[in-house]
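# Give me a model of this one.
(one chain, ligands or ions: 1)
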Amino acid sequence: MPSKKNKRKRPERPTIHPKNKYSDNPPDFALLASLYPSFKPFVFYSRDGRPRIDWTDFNSTRELTRVLLLHDHGLDWWIPDGQLCPTVPNRSNYIHWIEDLLSSDIIPKNNNNRDIVRGFDIGTGANCIYPLLGASLLGWTFVGSDVTDVALEWAERNVKSNQHISELIEIRKVTNCQGTLSIEDSNCGELVNGKSKMDGSGSVVDEAEPLPSSSFDLPSDAKKKDSGPPILLGVVRDGEKFDFCMCNPPFFETMEEAGLNPKTSCGGTPEEMVCPGGERAFITRIIEDSVVLKESFWWFTSMLGRKTNLKFLTSKLREVGVTIVKTTEFVQGQTCRWGLAWSFVPPVRKIISPLVPEKSNLSFTLEGLQRQFSAFHVLQSVESFFCNGGASCKLNASSFVVDITASNDQCKAILRNEARHLDGAATCNPLEKASNSSSYLHPPSNNLSFRISVFQQIPGTLLVRASLQRRDNPVPGVFSLIIQQLEETLRCKYCRDKATLN
Ligand SMILES: C[S@@+](CC[C@H](N)C(=O)[O-])C[C@H]1O[C@@H](n2cnc3c(N)ncnc32)[C@H](O)[C@@H]1O
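Below you'll find the model as predicted:
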């Protein structure tokens, strides 16, 4: 019987990114107050003697952001009253997640012959927080775009106040030159800081030409929409290449919906918080633009304020044929946000290489199993995972195994399902790839047979083992890929900790 103590235990939650400066050392208000007289008036001490600030006071949150950026990042920063005030630890999480994506081997490394990473921050805001953090923490270069005069003016001021990184950041005005996404006159971005653009290596290059309209292949529905100012298409210039784009979009459809969080006051004007259709519509437009600009960016990413939108957007991504989708959760204190990343670059498939022998036995553990689930539930999910793809399955409840036999087409169907899962990587189907590319072997003509066994290791932890029984002329890597997909699906369904980047 679970003890009362265990019953009360809260489910584990993802935490602040381990590379985040504040993961082990949260801001020390007392120290900051002693060092920065302007911050001192905002700090008070609660009964337990702990220094606190009033999170409902905009001046107080803005001053905290100012001193954190100065103290921890050497940045001189300010925003006018009412503009969205970023929390530094929160925003750093997104930067570090992108750092993980760029260093992971999910897709090949960008081979633009550039050592310096180049990012595009969609809607950089008056605070210009992502370019400032990315440049100061990691030396990345940025284009930061925005539509409002106040954002452009203050982003520019914040860049200029930091001479040591100002050459790394270009602020680009997005003009609402047509109000519709059109393939004509697509150059709606103007340089604000008036300097020549730099390529990723830091050398100055000539101003890029707008993308020629003939190179656009917009999805037909995107051409028709009256969707407001451009986002990427028409702002990114011909020949420009970026390692990633990022975006903290306007989350809401109305200011009422945005509401006022009574616990914090971080400002935010309607232009910053609201757009027609909210974040779902905004990110859908980024996805549509990404189809056209798939060769200009290695990774496309966006933050989301609502987890429910992840499902919709992930299926949208599947429709447009991305090769990979990654998601994550950003947690900082009481605030929770989600990250969505996708790419059109074919994933690295070391396991596809005929030079790498495929393992016949694979295993993974499911830790942090939610209390209501047992090994038998997991076994049943294994069975339905494969049955849904049409494979033949035999579940043996006494020995906790499922025997599976899948044809080539059934393997395809199982792998095709993968993009539907929210958390984790969704790679394209190697069996389909095999028919298009000479570097892949022919698809197998025979069946793949394997056994999945589920063992309980300790309460709350299961070991899932997959053993290849028979393999007749298979596509190398398919077995591993299927098991990887099974792992992600089970983890997503059963585990409290659904970490997504390995
Ligand atoms: C939620 S704010 C994000 C500001 C800042 N990046 C941050 O994280 O605090 C959204 C920003 O997107 C800008 N924006 C809205 N539509 C845009 C578009 N089509 N292109 C570029 N920026 C846009 C708004 O003006 C606003 O500054």
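# mind checking which helix or strand residue 83 is in?
Of the helices and strands defined by DSSP states H and E, none includes residue 83.
# Ok, residue 172 next?
Short version, using DSSP H and E: residue 172 is in strand 169-174.
# Tell me the strands beside that strand, with direction?
Strand 169-174 has its sheet partners listed here by DSSP bridges as strand 141-146 (parallel), strand 189-191 (antiparallel).
# What residues of the strand or helix carrying residue 480 count as buried?
According to DSSP H and E, residue 480 maps onto helix 478-494. Neighbour counts over helix 478-494 (16 or more other CB atoms under 10 Å) mark 478-491, 493-494 as buried. Quick note: C-beta positions are derived from backbone N, CA and C, even for glycine.
# what packs against that helix?
strand 361-366, helix 375-387, helix 408-416, helix 430-436, strand 448-458, strand 461-471 (3 or more CB pairs under 8 Å, 6 or more residues apart in numbering; DSSP states H and E).
# can we see that at 6 Å?
Using 3 or more CB pairs under 6 Å, 6 or more residues apart in numbering; DSSP states H and E, the elements in contact with helix 478-494 are strand 361-366.
# Averaged pLDDT, the strand it packs on. What do you get?
Across strand 361-366, the average pLDDT comes to 82.
# now swap in stretch 478-492 and tell me
pLDDT averaged over stretch 478-492 gives 85.
# Can I get that stretch in PDB, CA atoms only?
Output of stretch 478-492 as PDB, limited to C-alpha atoms (Å, rounded to 0.1, in the frame of the first residue of the first chain):
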ATOM      1  CA  VAL A 478      13.900   0.400 -39.000                       C
ATOM      2  CA  PHE A 479      13.800  -1.800 -35.900                       C
ATOM      3  CA  SER A 480      15.700   0.800 -33.900                       C
ATOM      4  CA  LEU A 481      13.500   3.600 -35.200                       C
ATOM      5  CA  ILE A 482      10.300   1.700 -34.300                       C
ATOM      6  CA  ILE A 483      11.500   1.000 -30.800                       C
ATOM      7  CA  GLN A 484      12.600   4.600 -30.300                       C
ATOM      8  CA  GLN A 485       9.100   5.600 -31.400                       C
ATOM      9  CA  LEU A 486       7.600   3.100 -29.000                       C
ATOM     10  CA  GLU A 487       9.700   4.500 -26.200                       C
ATOM     11  CA  GLU A 488       8.600   8.100 -26.900                       C
ATOM     12  CA  THR A 489       5.000   7.100 -27.000                       C
ATOM     13  CA  LEU A 490       5.100   5.100 -23.800                       C
ATOM     14  CA  ARG A 491       7.100   7.800 -22.000                       C
ATOM     15  CA  CYS A 492       4.600  10.400 -23.200                       C
END
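# any idea which of the strands paired with strand 169-174 scores lowest on pLDDT?
strand 189-191 (a mean of 65).
# can you state the direction angle for the helix holding residue 480 and strand 448-458?
The directions of helix 478-494 and strand 448-458 differ by 40 degrees, with axes from the mean of the first three to the mean of the last three CA atoms, to 10 degrees as the criterion.
# Tell me the spacing between the nearest residue to residue 86 once chain neighbours are set aside and the ligand.
Nearest residue to residue 86, sequence neighbours excluded (CB to CB, 6 or more residues apart in numbering): residue 129, at 4.2 Å. From residue 129 over to the ligand the distance is 5 Å, taken as CB to the nearest ligand atom, to the nearest Å.
# Near residue 129, how many other residues are there?
Residue crowding around residue 129 was assessed by other CB atoms under 10 Å; the count is 30.
# again with the one 5 residues further on
The tally of other residues near residue 134 (other CB under 10 Å) stands at 28.
# Double-check that it belongs to a strand.
No. Per DSSP: H, G, I helix; E, B strand; the rest coil, residue 134 lies outside any strand segment and is helix.
# Tell me the spacing between it and the ligand.
As judged by CB to the nearest ligand atom, residue 134 and the ligand stand 11 Å apart.
# for residue 340, same thing?
Counting by CB to the nearest ligand atom - residue 340 and the ligand are separated by 15 Å.
# swap in residue 20?
From residue 20 to the ligand the distance is 16 Å (CB to the nearest ligand atom).
# Same check on residue 39?
21 Å.
# Quickly find the element holding the closest residue to that residue other than its chain neighbours.
The shortest distance from residue 39 to any non-neighbouring residue, by CB to CB, 6+ apart, is to residue 67 (4.8 Å). Taking DSSP H and E as the criterion, residue 67 maps to helix 58-73.
# Can you name the next helix or strand after that helix?
Sequence-wise, the next helix or strand downstream of helix 58-73 (DSSP H and E) is helix 88-103.
# Residue 71: neighbour count?
Residue 71: 17 neighbours (other CB under 10 Å).
# how close does it sit to residue 36?
7 Å (CB to CB, to the nearest Å).
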